[in-house]
Structure formats: C-alpha cells, structure tokens
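S.K.: Any chance you could fold what I've pasted below:
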Amino acid sequence: MKPVTWIPLLWGVVCGAAASGNFHWRIQDVIASIACMLMSGPLLTGYTQTINDYYDREIDAINEPYRPIPSGAITIPQVILQIWILLLGGLGVAYSLDLWAGHSTPVLLLLALGGSLVSFIYSAPPLKLKQNGWIGNYALGASYIALPWWAGQALFGHLTWATALLTLAYSLSGLGIAVINDFKSVEGDKALGLESLPVVFGIKQASWISAGMIDLFQLAMVGVLIAIGQHFASVILVLLIIPQITFQDFWLLRDPLTFDVRYQASAQPFLILGMLVTALAVGHSPLIQSL
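M.R.: Numbers count the residues shown, from 1 in each chain. As a prediction, the model looks like this:
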C-alpha cells in the first residue's frame, strides 16, 4: 500500500479544506477531515497502489523482483481481496462523509468513484493509461493534487468550477513529479513496451521535462494569485519555488537515477507548502469563491 504515497493525498485534503474558507477548528470538523484523509490516503491510495502492483507484477519481476507479489510474499487471491476491501472501505467512508455534510448530491462518493475508475484504467488493460508517459503521468498528478483538494473543499464548502480548473492546471506540475517515479523502471518499461517519458526521451531529457513542468505550472499559479489580488501569497509562492529549482540543479538534473529519492525528500516539502499557500489564498479570494 506504500504509506509514503499517502502523504500528498493527506495534504491535498488539508489544502481543499483551506480553500473552502469554511473549515473551523472544532471537534466535528477535525474528525471529518481525518475521515476524509483516511478515505483519500490509506484506503483509496492504498487501493490504487495495490491494483497498480497487481497489474505491474511482470514489470516488477524485472525491475524489483523483491517486491511482495513477484517475490511470492503475498498470493494473488490475497491481493485481490485486499483490493476489494480497500475500494469498498473508501467508498463507504466517502458516502458517510456526504451524509455528515448533508449533501443532496453525494459529491464525495462521486469523487471517490471517479478517482477509483481513473486508478483502474491507469493500471489495467486495455486502456492502461500509464503506457503513455504524458497521459498516464497527468492522470497520476491530477489524482494526487486535484482529487483530494476537491474532496476537502466539497466536504467543508462548495467545489467551484474556478477551483476545479485551477487545481487541474496545478496538477500539470504533478505530471513533472510523476516522471521521477519512472526513472527506476526504465528497463522493465522498455521490455514491456511502456512509453514512459524516460523511455521515449531518454533519462537526461526526461529530467529536464520533469523540472520544467514542476516549475512552469507553479509559476503559472503565481500569475493566478497576482490576478486575483493575492499579492502576498504570490511572493511566498515564489520564495518556495526558488529552493525547488536549487535542488533540481543539485540532484534531479545531474543524476535522477541515483538521487531521485534525495531530490524528492528535499524539494517536495516546498511544493506542498506552496499548495497550501495557494489554497489559503483561494479561500480568502472573493473573486474565486464567486465563480
């Protein structure tokens, strides 16, 4: 279930709650936010990672034969049972949150169903979105940034079209992050015909694409913040982007195969802090909230 992958989703819920402008530090809101994090992280991200490992078992046998499925540590029936428990658990929590929020339309359940469908077609044939580096990585980026943000915002307020579009644009920086996970899988991807960006463009050029996507679309958010009158937030976001670029030069652009983990550990905290700054600015923007 790869608990380390839950962190961006948990943070995305926090950003959505902040962007709603309606989260209050009272016990019922805190419990609801924790339940939303449980849905987004351990349950539905756990489902996503498990189903991805299930369909990637042949690639993992080449790249990472020590992983649970190819090593035989867990049987296929056990994997399938885990997939169903996590999926149904996530959907159940989503519907419970809709009841708590008094939604006439089960928004959280619909988001959970939509995200689960994207997770399935990302990993499973015949679509297997991850076969295409651009489409697959964007699906991954949007699932890690936009979906939990939408869930947190819908839980405590109203999900607006303006916020939905803004977070989908922000997710293009998530595309750049998703590329980093492809560097370690180049041999297996080549063997099985998966067109990840490192396979298509080579490791060096793919590292530049990754860095460019991360920086470009965060800078685009700076422009959005200026446009909606959130100038202080735009300055803070620029100050958070600068160390990311520095770490890209240190680790990502020099040797992404060796330093991918070190790069993510050093640079991603600034990215997620930038997301929260943007979310808080959105939550305090009358213009965005009215659209």
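S.K.: who's in contact with stretch 64-72?
M.R.: With contact meaning CB atoms under 8 Å, 6 or more residues apart in numbering, stretch 64-72 is reached by 53-54, 57, 60-61, 74, 76, 79, 184. (Glycine included, C-beta is placed from N, CA and C.)
S.K.: Neighbour-wise, give me the winner out of those residues.
M.R.: Each of the contacts of stretch 64-72 was scored for neighbours by other CB atoms under 10 Å, and residue 53 scores highest at 23 neighbours.
S.K.: Quick one: neighbours of residue 3, just the number.
M.R.: When neighbours are counted by other CB under 10 Å, residue 3 comes out with 11.
S.K.: Now it. Nearest residue, chain neighbours left out?
M.R.: Nearest-residue entry for residue 3: residue 42, 7.6 Å, with adjacent residues in sequence omitted and distances by CB to CB, 6 or more residues apart in numbering.
S.K.: Equivalent analysis for residue 178, please.
M.R.: Distance criterion CB to CB, 6+ apart; nearest residue to residue 178, sequence neighbours excluded, is residue 137 at 3.8 Å.
S.K.: can you confirm that neighbour is in a strand?
M.R.: No. Under DSSP: H, G, I helix; E, B strand; the rest coil, residue 137 falls outside any strand and is assigned helix.
S.K.: List the contacts of it.
M.R.: Each residue near residue 137 by CB under 8 Å, 6+ apart is listed here: 175, 178-179, 182, 197.
S.K.: one more time with 10 Å
M.R.: Shown in contact with residue 137 (CB atoms under 10 Å, 6 or more residues apart in numbering): 122, 129-130, 171-172, 174-182, 196-197, 209-210, 213.
S.K.: cool, residue 262 as well?
M.R.: Contacts were defined as CB under 10 Å, 6+ apart; by that measure residue 262 touches 247, 250-252, 255.
S.K.: In ChimeraX, how would I select just the buried ones from those residues?
M.R.: Listed next is the ChimeraX selection for buried residues among the contacts of residue 262, using 16 or more other CB atoms under 10 Å:
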select :247,251,252
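S.K.: for the host helix or strand of residue 209, which positions count as buried?
M.R.: If you go by DSSP states H and E, residue 209 is part of helix 203-227. Judged by neighbour count using 16+ other CB under 10 Å, the buried positions of helix 203-227 are 206-207, 209-211, 213-215, 217-218, 221-222, 224-225.
S.K.: Let's have those in a markdown table, adding pLDDT.
M.R.: Compiled in a markdown table, the buried residues of helix 203-227 are given as follows (pLDDT from 0 to 100):
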| residue | pLDDT |
| --- | --- |
| 206 | 92 |
| 207 | 93 |
| 209 | 93 |
| 210 | 92 |
| 211 | 93 |
| 213 | 92 |
| 214 | 92 |
| 215 | 93 |
| 217 | 92 |
| 218 | 93 |
| 221 | 94 |
| 222 | 95 |
| 224 | 93 |
| 225 | 94 |
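S.K.: Can you add distance to residue 141 and give these back as CSV?
M.R.: Compiled in CSV, the buried residues of helix 203-227 are given as follows (distance: CB to CB, whole Å):
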residue, distance to residue 141
206, 15
207, 17
209, 13
210, 11
211, 14
213, 9
214, 10
215, 14
217, 10
218, 12
221, 14
222, 18
224, 17
225, 20
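S.K.: can you give me the mean pLDDT across the longest helix seen in the chain?
M.R.: Longest helix in the chain by number of residues (criterion: DSSP state H): helix 256-283. Taken as a whole, helix 256-283 has an average pLDDT of 89.
S.K.: and it, how far out from the chain's middle?
M.R.: Mean-position distance between helix 256-283 and its chain equals 11 Å (CA atoms, centre = their mean, to the nearest Å).
S.K.: could you check the angle helix 203-227 makes with that helix?
M.R.: Angle of helix 256-283 versus helix 203-227, following axes from the mean of the first three to the mean of the last three CA atoms, to 10 degrees, is 10 degrees.
S.K.: list the buried ones in helix 256-283?
M.R.: Applying 16+ other CB under 10 Å to helix 256-283 flags 256, 259-260, 263-264, 266-268, 270-272, 274-283 as buried.
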